[in-house]
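[1] here is a sequence with its predicted model. Questions after.
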Amino acid sequence: MSAAHNDEVRRKITTKSLTEMKQAGQRIVALTAYDHLMAQELDRAGIDVILVGDSVAMVVQGLETTVTVTLDHMLYHAALVSRGVDRALVVGDLPFMSYQVNCDDALRNSGRMVKESHVEAVKLEGGEPICPTVFRLVEAGIPVMGHLGLTPQSIHKFGSYQVRATTEEEAHVLRRDARALADAGAFAIVLEKIPASLAKEISQELDVPVIGIGAGSGCDGQILVSHDMLGLYTRFHPRFVRRYAQLGEEMLGAFKRFADDVRTGDFPGVDESY
Ligand code: KIV
C-alpha cells in the first residue's frame, strides 16, 4: 500500500466525507461499539462509522429490548467509545424518550451527547413527525442520522421484529419519511429490515447516504451490530447477520480451560510466578 493511499485511508471521516463517498460510489462501512477496546479495534480496521447503538441494552446489558436504556447509560458508553477513536465518525444513538417529548429536550440531550461524550453526530428513529426536531438539531450544529424501517424503539407499537414496508402503502410512507429526513438536514439514513428493492430505490433517489441493515446490497453502506457479526450475541440470529467470528464459543473455551488449569493446579506455572 502506498503512503498516499495510507494517508487517504486514515483521513478523518466527517459527515461531509460520507456524502463524498456516496458521490464517488465508495461503499460506507459501519459497525457498533459500546466500549473503548472494541472502538479502538474498529478504528484500526478502517471502519468509517462507529455507532454507539442503543442495541447496547440487548447485547451488553442483557435487556429484552432497546426501550429501557437510559440517556445516562448512552452518555457513559459513548464517552468510552469516543476516547478510542481517531478516524471514524462516532455517532451516538439517542435513547427512547430522550428526543420524542419536544425539540428542547432533544436539543438538550443531544447537546449532552456531543459535549459530555464527544460524539460527532446523533441518531434517532422516526420519519416525517420527527423532522422538526431533526431540523432544529442540525440548525444548532448537531448532525443527525435518521433510522427508518424496523425501528426497535417502537417494538411495543409493532409487536414484532418482522420485515417492514412489505406493502405498497407502507413503502409509500417509508419513501416519504426518507425524503422528509433528507430535506430536514439528516446527513445519512439507516434503513433496517426492509425489502432490498425498496432500499435500493431510496438510495438512488436521495443525495444523502443510505446505510442498510437487512436492507440488501443496493444501499450506499452497510451496518451490523458488532456483537452479532462476531458471534458474541447469539440469542437469535437474523438472516441479515453474517457471522465473521465465533467469539462467544472461543471465550467459553478459554474460560473452561482456565477453570480446568486452576482446578488441576496447572496454573500458575513457574514462569507465571515470581
Ligand atoms: O442500536 C443499534 O445498534 C442500531 C443499529 C442496528 C443500526 O440502531
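    Right, received. Where do you want to start?

[2] any weak-confidence spans in the stretch 1-150 of the chain?
    Low-confidence segments of the stretch 1-150 of the chain, defined by pLDDT under 70: 1-9.

[3] dump the residue contacts of the residue in it that the ligand sits nearest to.
    Using CB to the nearest ligand atom, the single residue of the stretch 1-150 of the chain nearest to the ligand is residue 53, 2.4 Å away. For the C-beta atoms, the positions are set from N, CA and C on the backbone; glycine is no exception. By CB atoms under 8 Å, 6 or more residues apart in numbering, the residues touching residue 53 are 32, 34, 66, 93, 123, 225.

[4] would you format the residues you listed as CSV with neighbour count, secondary structure and distance to residue 132 included?
    Conversion of the contacts of residue 53 to CSV gives the following (neighbours: other CB atoms under 10 Å; DSSP: H, G, I helix; E, B strand; the rest coil; distance: CB to CB, whole Å):
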residue, neighbour count, secondary structure, distance to residue 132
32, 28, strand, 28
34, 26, coil, 30
66, 22, coil, 23
93, 28, strand, 20
123, 24, strand, 17
225, 22, coil, 30
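
[5] near the ligand too, which of the residues you listed?
    Among the contacts of residue 53, the ones lying near the ligand by CB under 6 Å from any ligand atom are 32, 93, 225.

[6] for the last one, give its distance to residue 126.
    The reference is to residue 225. Distance from residue 225 to residue 126, counting by CB to CB, to the nearest Å: 20 Å.

[7] what does the second one give?
    If you measure residue 93 against residue 126 using CB to CB, the figure is 13 Å.

[8] what about the residue nearest to residue 123 when sequence neighbours are not counted, is that helix, strand or coil?
    Leaving out its chain neighbours, the residue that sits closest to residue 123 by CB to CB, 6 or more residues apart in numbering is residue 145, at 4.1 Å. Put simply, residue 145 is strand when judged by DSSP: H, G, I helix; E, B strand; the rest coil.

[9] test my guess that residue 145 contacts residue 121.
    Yes. Using CB atoms under 8 Å, residue 145 is in contact with residue 121, at 5.8 Å.

[10] between those two, which contacts overlap?
    91, 187.

[11] those two: which has the busier surroundings?
    Comparing residue 145 with residue 121 by other CB atoms under 10 Å, the one with more neighbours is residue 145, at 28 against 25.

[12] that one: what's it in contact with?
    Contacts for residue 145 (CB under 8 Å, 6+ apart) come out as 91, 121, 122, 123, 124, 186, 187, 188, 189, 190, 211.

[13] so it bridges to which residues?
    Per DSSP bridges, the residues bridged to residue 145 are residue 123, residue 188.

[14] likewise for residue 52?
    Counting by DSSP bridges, residue 52 is bridged to residue 92.
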